[in-house]
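K.L.:
show me the folded form of this:
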Amino acid sequence: MIAKDLIDNANCEFHSLGTLISKCRTLLGQVPELQFNHIFREANAVADYLAKIGAKSGYPFVGHYQCPTELSILYSKCLRIFLKALNKLAMCL
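P.N.:
Numbers count the residues shown, from 1 in each chain. Got it, this is the predicted structure:
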């Protein structure tokens, strides 16, 4: 949410990442249909899991030859929750 606020609202002139924020704003201005939305980590467990793996690794880039078992299980669980919510939404229409 902080990154989204910095790009959307904040005066970045004196921010330590001001140059990067300005470049992001410039790129975003070139694609008017592009939009950033904040999603709480609880609603995006797969991305949260991957971020934690990356943060713990100590390397600038982490690659996998196969999907980690824990991630497959988590993804399947998230997909079931999403499909259940989609079915409920379809019933309302």
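
K.L.:
and stretch 32-44, C-alpha only, in PDB?
P.N.:
In PDB, the C-alpha atoms belonging to stretch 32-44 read as follows (Å, rounded to 0.1, in the frame of the first residue of the first chain):
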ATOM      1  CA  PRO A  32      -3.500   5.100 -19.400                       C
ATOM      2  CA  GLU A  33      -5.500   1.800 -19.000                       C
ATOM      3  CA  LEU A  34      -3.000   0.500 -16.500                       C
ATOM      4  CA  GLN A  35      -4.100   0.700 -12.900                       C
ATOM      5  CA  PHE A  36      -2.600  -0.400  -9.600                       C
ATOM      6  CA  ASN A  37      -4.800  -1.700  -6.800                       C
ATOM      7  CA  HIS A  38      -3.800  -2.700  -3.300                       C
ATOM      8  CA  ILE A  39      -4.600  -6.300  -2.400                       C
ATOM      9  CA  PHE A  40      -4.200  -7.400   1.200                       C
ATOM     10  CA  ARG A  41      -1.700 -10.200   1.600                       C
ATOM     11  CA  GLU A  42      -4.400 -12.300   3.200                       C
ATOM     12  CA  ALA A  43      -6.300 -12.200  -0.100                       C
ATOM     13  CA  ASN A  44      -3.200 -13.100  -2.200                       C
END
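
K.L.:
longest helix in this structure, please.
P.N.:
helix 69-92 (DSSP state H).

K.L.:
average model confidence for that helix?
P.N.:
Taken as a whole, helix 69-92 has a mean pLDDT of 84.

K.L.:
hey, where'd the helices end up in this structure?
P.N.:
2-8, 18-30, 45-57, 69-92.

K.L.:
list the helices and strands the helix or strand bottoming out on mean pLDDT in the chain packs on?
P.N.:
When each helix and strand of the chain is scored by mean pLDDT, DSSP states H and E, helix 2-8 comes last, with a mean of 74. Contact partners of helix 2-8 among helices and strands, from 3 or more Cβ pairs under 8 Å, 6 or more residues apart in numbering; DSSP states H and E: helix 18-30. Bear in mind the C-beta positions are built from the backbone N, C-alpha and C, glycine included.
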